[in-house]
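1. The following comprises the amino acid sequence and a computationally predicted model.
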Amino acid sequence: MHASRLSRVFLIVYLIVLMLPIYWLINMSLKTNTDIVSGLGFYPKHPTFAKYLFILTDPTWQHGFGVSLTFVAINTLISVTVALPAAYAFNRYAFVGDKHLFFWLLSNQMAPAAVYAMPFFNLYYALGLFDTVWAVALAHCVFNVPLAVWILEGFVGGVPREIDETAAIDGYSFPHFFIKIFLPLIANGIGVTAFFCFMFSWVEQLLAMTLTSSHALPIPAVMTQAYALEGMDWSLLAAAGVLTMIPGAIVIWFVRNHIAKGFALGRV
Amino acid sequence: MSKPINNRAWFFVLPVLGFVMFSAIIPMMTVVNYSVQDTMGSNQFFWNGDQWFRDLLNPTTEIGARFAGALGRNLTFSLVALLIEVPLGIGMALCLPRQGWTVGFVLVLIALPMLIPWNVVGTIWQIFARADIGLFGATLVGMGIPYNVTQDPTSAWVTIVVIDAWHWTPLVILLSYAGLRAIPDAYYQAARIDSASRWAIFTNVELPKLHKVLVIAVLLRFMQTFMIYTEPFVVTGGGPGSSTTFLAIDLVKIALGQVDLGNAAAMSLVYNLITLTICWIFYTIMTQMDKRGAE
Amino acid sequence: MARVELDHIAHSYAPKAAEPAYALHPLDVVWEEGSACALLGPSGCGKTTLLNIISGLIAPSRGRLLFNGQDVTRLPTEKRNIAQVFQFPVIYDTMTVAGNLAFPLRNRGMEKRAIEVRVAEIAELLDLTRDLNKPARNLTADAKQKISLGRGLVRSDVAAVLFDEPLTVIDPALKWELRSKLKEVHRALNVLMIYVTHDQVEALTFADQVMVMRDGEVLQRATPAELFETPEHTFVGYFIGSPGMNFLEADVAGHQAKVAGTVFELGRSYTVPAGSTKVQIGFRPDYARTAPSGDIPVKVRRIEDLGRRRLARLALGPHEIYATVPHDVTIDGEDAALTIPPNRLFVYVDGRRIIGEDRR
């Protein structure tokens, strides 16, 4: 059909535009610094994997990746786990203050991280969590938990209420029903939610950098340190940048079918 | 269908409440605390009442003018970004393949920009926008457009908007695509039987079904654009002049650069309140629209 | 309005395979204008595939589809002048009921006044007049189904109305009502209606012609009465009627069939073709009388009182048989006998009914 050919053209053009900056990043990561600064080059004339090798073998960088992945994993786990019962409650019951509570939760998305950095620092310092992955994982809950509730609520709404009732009639206890019957039904939603939590926690840097100093330096901090110490090493930063895309790409590869299956988010 | 009223549902919400309160209320109290005090040097605070707020909301003071300017830029930026990203996002979602091996592949490609940490995004565009060694800058200059991020405010604005659109349109695409895929095929079949044009299908079937997903997309994108920090910080540094000094940039300048915690705290509270109000109005309008339809 | 003709239509979802697995075996059918037909069968029998071929959602891998003699096999849905009512209500949420009904006409560029008149007419027919100005999304499921039917009917040129299990989400109490509405509309408009369902009651009460399908094959195409009286296939016998037909493996020769040592007299004389693997006799429980004495001795397992009639579960050797217990008969103890009118006994070879020779 004519329309579908046109939309394919749009899609391809969009994808090319979308990929150009990323191509440029990869391009840079394979060049030497002199090559980068010497002029416009569409491809690396003397491709080198030196920077990748360096990052992958350097203990500081390795540690940085480990730290980032750890707090992201902890945060995703916490966010999804605590959001599940809440999403269920918001969808299935009316209770005093539910609407205000829901909006209040959302409003935490709006806190400008720049200003909250200082108070966060004070709080986690006082708790003795400063410079641990836990500080970052907990701090990221501020925006990820509400988001998880929001997304999951839509998926909970997609499960007919009759299923809850049938399970109750069949004599399932609530926890048993929730874990054995209900969770598998919204597995899709859990996947999608985990993806979004992963994403927002992985790319956040301001809080992550504020709440760590030496033991738990996340990737963005290692990058900042790298150019603070050795001057602007573009190709090193580019190589690190390319590497930071990989975990996310893997995660989305896992949930691609959940997204393609479609979901109509509930509430509002 | 009305939900059963059950206040025990609060127990289900408690864990969420605990986690969010812990990381939201306590820091918020600290900020409120700062906002009514002044400090002379290290850790010496004294009561300053509502002075910070009065200065801030009075455009004739230096800080008030700065605040008003930044607020205006923020609102403009959010509006421009949403006007580009939402239609583009929906449009691209419509163009995405619905089945076949390309689906997963295209989804991963589209999501890639979102998965890049903020500072890497900055790094990419710092180079990419340069007229001498960056493709974007070089292309614009090559086309005879007077493009210069560090000298020309328009160039700086265009760059920030392009970065944001590049970075976050994928979010709108993914959400819209998921929403579109949730529409049962029967609706399309029915529309075909009714001889509906492509446009009629879009306005009468797809758009109404996307309503809920779009509310989320718009709210998220509004909050994120309104808090924009990293892109201007890395790429333009808020300049040239103050042309891309958005609220968050100014806040950090005041809070960390000038160690003027009182002013920064007052500013962030007001800022927070504005975001909250706008979101609340939007949220209420959308909820009401939905309710009126459901009556 | 039109007659719909399937000319050697067949479909396979993998037509290029060496041995294409047919979702729908080659089929020749003519549906006359104004008739009400049902496609009946369990899920996966190919009835939905057939419906989708008629509606234009899939192109058949073989054969031609004719509307009024005109080949429409490759025409897109919108050019076919069909209407369809889906399993769940498909309506335009943002429009009123009137808006929904007017939509197909507006898309065809009909004049505003004429649209109003036609919408009012159809709304009247479907009892939707009072709801015309309400938002469509707030109505009950059955009203929504009527709207989607109405969107098809407003077009005066509609060739056929297709129903894809339209009562699935309807409240049981309202099913009957909506079904009678469909019949009423059918009589009023004299339009060809094709109704897909897995529910025999729906099919038999709605249609004047039923096609029973299984595994992509049409097993029998007949009136509801014929399906009941003379099932051409054991599956049709099982599927239709409640309980289904009794089938007993038998040795058939001439006008006698031997089941577990007992002789059944047949109405005709049969010759079983060589190479047959399974020979059965079949009869409806409704025509088999249980009594204290009679032709065939059986053991009584249980008698169920269904109110209007009594049903006996009987045993004959290893076989289980359902039969009617007439009102004037009382049965005590385990022993009883069965009487079956010979003309109600059929012989099936490998599932298909074979016709015997007249007894002289």
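-> Yes, it's here. Numbers count the residues shown, from 1 in each chain, chains lettered A, B, ... in the order given.
2. Give me the neighbour count for residue B:161.
-> Other residues within reach of residue B:161, judged by other C-beta atoms under 10 Å in any protein chain shown, total 18. Heads up, the C-betas are built off the backbone N, CA and C, glycines and all.
3. got it, and residue C:76?
-> 12.
4. And residue B:188, by the same measure?
-> Residue B:188 has 17 nearby residues by other C-beta under 10 Å.
5. ok, and does the helix or strand containing it reach over to chain C?
-> Following DSSP states H and E, one finds residue B:188 within helix B:185-193. Yes - Helix B:185-193 reaches chain C (C-beta under 8 Å from any C-beta of the partner chain) through B:186-187, B:189-190, B:192-193.
6. For chain A, give me its nearest residue in the stretch 251-360 of chain C.
-> residue C:304 (27.2 Å; C-beta to the nearest C-beta).
7. Assign a three-state SS to the closest residue to residue C:296 other than its chain neighbours, would you?
-> What sits nearest to residue C:296 in space, not counting adjacent residues and going by C-beta to C-beta, 6 or more residues apart in numbering or on different chains, is residue C:338, at 4.3 Å. Under DSSP: H, G, I helix; E, B strand; the rest coil, residue C:338 falls in the strand class.
8. Please parse the chain into its domains.
-> If you meant another chain, say so; for now it's chain A. The record's domain parsing of chain A by automatic domain parsing lists A:1-48, A:53-261.
9. The intended chain is chain C.
-> Here the domain parsing of chain C from automatic domain parsing is C:4-239, C:246-354.
10. What ranges does the stretch 1-150 of chain C have for its helices?
-> Assignment of helices within the stretch 1-150 of chain C using DSSP state H, counting those that start in this stretch yields the ranges C:47-55, C:97-107, C:112-125, C:141-153.
11. Provide the secondary structure category for residue C:166.
-> Criterion first, three-state DSSP; result for residue C:166: coil.
12. State the pLDDT value of it.
-> With respect to pLDDT, residue C:166 scores 85.
13. on that earlier part again, now render the domains of chain A as a markdown table, adding mean neighbour count.
-> Converted to a markdown table, the domains of chain A look like this (neighbours: other C-beta atoms under 10 Å in any protein chain shown):
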| stretch | mean neighbour count |
| --- | --- |
| domain A:1-48 | 15 |
| domain A:53-261 | 19 |
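14. Count the residues that sit near the residue nearest to residue C:296.
-> Neighbours around residue C:338, by other C-beta under 10 Å: 22.
15. Same list, the domains of chain A, but as TSV with distance to chain B and mean pLDDT please.
-> Below are the domains of chain A laid out as TSV (distance: least, C-beta to the nearest C-beta, whole Å; pLDDT from 0 to 100):
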stretch	distance to chain B	mean pLDDT
domain A:1-48	4	83
domain A:53-261	3	85
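16. Columns distance to residue C:59 on top of those domains, output as JSON lines?
-> Shown next, in JSON lines, are these (distance: least, C-beta to C-beta, whole Å):
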{"stretch": "domain A:1-48", "distance to residue C:59": "14"}
{"stretch": "domain A:53-261", "distance to residue C:59": "25"}
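17. nearest to chain C, of the ones you listed?
-> domain A:1-48 (9.1 Å).
18. distance from the centroid: which residue in chain B tops it?
-> residue B:193 (40.3 Å; C-alpha atoms, centre = their mean).
19. Make sure residue A:119 is actually in contact with residue B:27.
-> Yes - look at residue A:119 against residue B:27 with C-beta atoms under 8 Å: they come within range, at 3.5 Å.
20. Okay, the closest residue in space to residue C:177 that isn't next to it in sequence and residue B:160: tell me how far apart.
-> With C-beta to C-beta, 6+ apart as the criterion, residue C:177 has its nearest non-adjacent residue at 7.4 Å, and that residue is residue C:142. Distance, residue C:142 to residue B:160, by C-beta to C-beta, to the nearest Å: 55 Å.
21. How about residue C:254?
-> For residue C:254, the distance to residue B:160 - C-beta to C-beta - is 96 Å.
22. for residue B:54, same thing?
-> In this view, residue B:54 and residue B:160 are 32 Å apart by C-beta to C-beta.
23. ok, now residue A:189?
-> 34 Å.
24. Check the stretch 101-250 of chain C for the residue nearest chain A and tell me.
-> Taking C-beta to the nearest C-beta, the stretch 101-250 of chain C has residue C:169 as its residue nearest chain A, at 11.4 Å.
25. What helix or strand is that residue located in?
-> Short version: residue C:169 belongs to no helix or strand, going by DSSP H and E.
26. Looks like residue C:5 contacts residue C:32 (just checking).
-> No - Residue C:5 is beyond contact range of residue C:32, at 9.7 Å (criterion: C-beta under 8 Å).
27. Which of the two has more residues huddled nearby?
-> Ranked by neighbour count (other C-beta under 10 Å), residue C:5 and residue C:32 place residue C:5 first, with 20 against 12.
28. and the gap between the spatially closest residue to that one that is not a sequence neighbour and chain A?
-> If the residues on either side of it in the chain are set aside, residue C:5 comes closest to residue C:66, at 4.0 Å by C-beta to C-beta, 6+ apart. Note on residue C:66: its distance to chain A, by C-beta to the nearest C-beta, to the nearest Å, is 24 Å.
29. so what's residue C:66 bridging to?
-> Beta-bridge pairing of residue C:66 under DSSP bridges involves residue C:5, residue C:71.
30. Is stretch B:80-92 positioned near chain A?
-> Yes - residues of stretch B:80-92 contacting chain A under C-beta under 8 Å from any C-beta: B:91-92.
31. now that stretch: how far from the chain's centre is it?
-> Taking the mean of its C-alpha atoms, stretch B:80-92 sits 13 Å from the chain's own mean (C-alpha atoms, centre = their mean, to the nearest Å).
32. which parts of that stretch are buried?
-> By 16 or more other C-beta atoms under 10 Å in any protein chain shown, the buried positions in stretch B:80-92 come out as B:80-82, B:84-86, B:89-92.
33. which phi and psi does residue C:264 have?
-> When read as degrees, to the nearest 10, the backbone of residue C:264 gives phi -110, psi 130.
34. Go ahead and confirm residue A:151 touches residue A:192.
-> Yes - contact criterion C-beta under 8 Å: residue A:151 and residue A:192 qualify, at 6.3 Å.
35. Chain B contacts on the stretch 151-300 of chain C?
-> Residues of the stretch 151-300 of chain C lying near chain B (C-beta under 8 Å from any C-beta): C:151-152.
36. can you give me the helices for the stretch 51-200 of chain B?
-> Using DSSP H, counting those that start in this stretch, helices in the stretch 51-200 of chain B cover B:51-56, B:62-95, B:102-111, B:118-128, B:135-142, B:153-181, B:185-193, B:198-201.
37. need these in a markdown table with mean pLDDT, can you?
-> Below are these laid out as a markdown table (pLDDT from 0 to 100):
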| stretch | mean pLDDT |
| --- | --- |
| helix B:51-56 | 73 |
| helix B:62-95 | 90 |
| helix B:102-111 | 89 |
| helix B:118-128 | 83 |
| helix B:135-142 | 85 |
| helix B:153-181 | 91 |
| helix B:185-193 | 89 |
| helix B:198-201 | 90 |
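38. just so I know, which of those helices lies nearest residue B:271?
-> helix B:62-95 (7.9 Å; C-beta to C-beta).
39. same for the closest one, what does it pack against?
-> On a contact count with 3 or more C-beta pairs under 8 Å, 6 or more residues apart in numbering or on different chains; DSSP states H and E, helix B:62-95 meets helix A:2-29, helix B:51-56, helix B:153-181, helix B:207-226, helix B:247-252, helix B:261-294.
40. tell me the secondary structure for residue C:193?
-> Put simply, residue C:193 is strand when judged by three-state DSSP.
41. quick one: contacts for it?
-> C:35-37, C:160-163, C:182, C:186, C:206 (C-beta atoms under 8 Å, 6 or more residues apart in numbering or on different chains).
42. Alright, that wraps it up for me.
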